[in-house]
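J.: Have a look at this prediction, sequence included:
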Amino acid sequence: MDMKQIPARSGNHNLQNYQQTYKNFNWDEVKGNFTWSKTGKVNIAYETIDKHAEDPSKKNQAALIYTSPDREEKLTFEELKKKSNQFANVLKKNDIEKGDRVFLFMHRSPEFYAAFLGILKTGAIAGPLFEAFMEQAVRDRLEDSEAKMLVTTPELIDRVPVDDLPHLEKIILVGGDESGSHISFEKEMKNASEEFEIEWLDLEDGMLLHYTSGSTGKPKGVYHVHNAMLQHYQTGKWVLDLKDDDVYWCTADPGWVTGTSYGIFAPWLNGVTNVVRGGRFSPDDWYGTIADQDVSVWYSAPTAFRKLLSAGAETAKKHDLSSLRHVLSVGEPLNPEVIAWGLEAFDLRIHDTWWMTETGAMLICNYPTMEMRPGSMGQPLPGIEASIVDNEGNELPANQMGNLAIKEGWPSMMRAVWNNPGKYESYFVNGWYVSGDSAYKDEDGYFWFQGRLDDVINTSGERVGPFEVESKLIEHEAVAEAGVIGKPDPERGEIIKAFITLREGYQKSDELLEDIRQFVKKGLSAHAAPREIEITDTIPKTRSGKIMRRLLKSWELGLPTGDTSTLEE
Ligand code: ATP
Ligand code: MG
């Protein structure tokens, strides 16, 4: 197949005529799908769960399928409504009120989802933290948010510096014994009523506080409001292509924004069965989840796809993956090599989607109904105006690299950076939200990601995006993963340095390194070929799976490493 352009497939939600929809669409059109448009009473937890629980044809459908090496559980919409009501009652009893921050620091489990929804039902703001955080990371986030209550587990409680957190009034332990000084989740839930009067809110009331991945520096507390549901719902249709009988699996942890916007809201706003997998990654377990649960729509990340690719086609072939209809990716640029592998392994296109914690939902995407150009993150959603601008916020012509920017005012945009109005303001220039990513737009309106702004390399006067070089590197048969940085050079400004890991069966040798260099030179260009290539055991990544180029750079230059609270072990 010609990998430059992959033909459109069919979809369920009429983006067939993208150009037409793009021109005419207004977000107000989506409002009629929510109960609040009739009643005036708003709460996203109601729209995700209770609404379906009150629908006789949906209430017994599985909302959550939880699967892990040691536990399997199903909860229907009705059961999840009751459990989240119970937890909301537990919070009320402990004086939680609208606007309070309640944090969750625990692994994925049915209890997590019930608690998360229960928090929203009280009008409090939920703050999910990834379970692998160590003490400093937990402290920073609970301090910054002034969290009043924390839901955690006995395994993790030692990482919570309780005595140093004056705002933290109470801790609820899931799976703890009843004798401790903390509140027992199980005991309180047993005594709590399954009825709860939801706290009705305004669309602009607070919902979620997410700290960013920390790829570029200190994580920011990104504040989202209930209004985001408009976009979660609609992107669930247009981009995830969800329909009523889908079984959907988003692999992201709810400690990261993908795990809430698309691991909780988008599927449940659309009334779809949502699979959650606990436990660690392994190719067989992941393929097994698709096969066992008959997953039809699958949203994952390049880091996972690259690991599956490295595990080889035979591993994929052992499993029956025929239930899959639609596959998507987010979090990092999606290498064309990975798309080629997806076509081979599942006979499906992997659809790249671009967005950020700050943007709350997808903005630039590949839709099932559009021609895909591998390496491009796609085109802006209807209702989203995207462009490439210079540092003053002036739009640049096609094919020129610059700041990827979005016209202010989409439904799921963050409403604040917690405790940091200056940081919030700094995102906006001349009416544009400036993302911090660099990209260009081609003549046909496809956007091409080049790298984080800080990562773009200037070598002998040429601007080179690390993504292109990394993508070419992993096309080489010996290369598993690659991270590329600019290294200061007196003559050239910067030279390109690549860190790579080798696929199984390959040994380091000077010939191999030269072969890899020539491969990039021939396939990409002479100026983009790395002058230095270093083989390492691992490439440093954030816990959300992103390559941390700033860390490679500080290591290379012997500089301080900055905030590493989100560095994967
Ligand atoms: P921090 O802001 O703390 O440095 P982060 O930017 O990694 O961390 P997230 O909000 O989780 O935190 O990630 C958003 C970023 O991820 C985007 O700005 C972009 O650089 C990258 N990204 C997400 N999706 C894509 C994609 N489809 N293609 C390329 N890059 C992507
Ligand atoms: Mg960021």
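T.: Ah, there it is. Ligands and ions are numbered 1, 2, ... in the order given.
J.: Please determine how far the nearest residue to Ile6 once chain neighbours are set aside is located from Asp352.
T.: Take Ile6 and drop its neighbours on the chain: the residue closest to it by CB to CB, 6 or more residues apart in numbering is Met372, 4.4 Å away. Quick note: C-beta positions are derived from backbone N, CA and C, even for glycine. Distance of Met372 to Asp352, given as CB to CB, to the nearest Å: 8 Å.
J.: what touches both of these two?
T.: Listed contacts common to Met372 and Asp352 are 366, 378; contacts here mean CB atoms under 8 Å, 6 or more residues apart in numbering.
J.: So between the two, which is more surrounded?
T.: A direct count of neighbours by other CB atoms under 10 Å for Met372 and Asp352 places Asp352 higher, at 26 against 23.
J.: Kindly confirm my reading that the more buried one is in a helix.
T.: No: using DSSP: H, G, I helix; E, B strand; the rest coil, the assignment for Asp352 is strand, not a helix.
J.: Return the residues in contact with it.
T.: Contacts of Asp352 by CB under 8 Å, 6+ apart are 328-330, 333-334, 365-366, 376-378.
J.: What is the neighbour count of Asn430?
T.: Asn430 has 14 nearby residues by other CB under 10 Å.
J.: nope, Pro490 is what I was after
T.: Pro490 has 5 neighbours, counted by other CB under 10 Å.
J.: Got the phi and psi for it?
T.: phi -60, psi -30 (degrees, to the nearest 10).
J.: Give me the distance between the residue nearest to Ile6 and Ile500.
T.: 27 Å.
J.: Could you do Asp442 as well?
T.: From Asp442 to Ile500 the distance is 29 Å (CB to CB).
J.: Same check on Asn191?
T.: Going from Asn191 to Ile500 by CB to CB gives 57 Å.
J.: When those two are compared, which one has more neighbours?
T.: Ile500 (24 against 10).
J.: who touches that one in this structure?
T.: 473, 479-483, 516, 533-536, 539.
J.: Just the element for it, please.
T.: strand 493-502 (DSSP states H and E).
J.: Just the buried residues of that strand, please?
T.: By neighbour count with 16 or more other CB atoms under 10 Å, strand 493-502 contains the buried residues 494-502.
J.: what's the answer for stretch 305-323, then?
T.: Residues 305-311, 315-316, 319, 321, 323 are the ones in stretch 305-323 that count as buried (16+ other CB under 10 Å).
J.: how about the residues of the chain near ligand 1?
T.: Selection of the chain residues close to ligand 1 by CB under 6 Å from any ligand atom yields 212-217, 219, 256, 330-333, 352-354, 356-357, 377, 435-437, 449, 452, 544, 546.
J.: I'd guessed Leu203 sits against Val225; true?
T.: Yes: counting by CB atoms under 8 Å, Val225 is a contact partner of Leu203 at 6.8 Å.
J.: Which of the two has more residues huddled nearby?
T.: Set Leu203 next to Val225 and count neighbours by other CB under 10 Å: Val225 wins out with 24 against 17.
J.: returning to that earlier point: which of the residues of the chain next to ligand 1 are buried?
T.: Here, 16+ other CB under 10 Å leaves 212-216, 219, 256, 330-333, 352-354, 356-357, 377, 435-437, 449, 452, 544, 546 buried among these.
J.: Which of these fall within strands?
T.: Counting by DSSP state E, these place 352-354, 435-437, 449, 452 in strands.
J.: Using PDB, list the CA coordinates for the longest helix anywhere in the chain.
T.: Counting residues, the longest helix found in the chain (DSSP state H) is helix 77-93. C-alpha atoms of helix 77-93 as PDB (Å, rounded to 0.1, in the frame of the first residue of the first chain):
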ATOM      1  CA  PHE A  77     -25.000   1.600  34.800                       C
ATOM      2  CA  GLU A  78     -27.500   1.000  37.600                       C
ATOM      3  CA  GLU A  79     -24.900  -0.500  39.900                       C
ATOM      4  CA  LEU A  80     -22.400   2.200  39.200                       C
ATOM      5  CA  LYS A  81     -25.100   4.800  39.900                       C
ATOM      6  CA  LYS A  82     -25.800   3.300  43.300                       C
ATOM      7  CA  LYS A  83     -22.200   2.900  44.300                       C
ATOM      8  CA  SER A  84     -21.300   6.400  43.300                       C
ATOM      9  CA  ASN A  85     -24.300   7.600  45.300                       C
ATOM     10  CA  GLN A  86     -23.100   5.700  48.300                       C
ATOM     11  CA  PHE A  87     -19.700   7.300  48.000                       C
ATOM     12  CA  ALA A  88     -21.200  10.800  47.600                       C
ATOM     13  CA  ASN A  89     -23.000  10.200  50.800                       C
ATOM     14  CA  VAL A  90     -19.800   9.200  52.600                       C
ATOM     15  CA  LEU A  91     -18.200  12.400  51.400                       C
ATOM     16  CA  LYS A  92     -21.200  14.500  52.500                       C
ATOM     17  CA  LYS A  93     -21.100  12.900  55.900                       C
END
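J.: Which strands and helices lie in contact with it?
T.: helix 51-53, strand 62-68, helix 110-121, helix 185-191 (3 or more CB pairs under 8 Å, 6 or more residues apart in numbering; DSSP states H and E).
J.: Please identify the deepest-packed of those.
T.: helix 110-121 (a mean of 25; mean count of other CB atoms under 10 Å).
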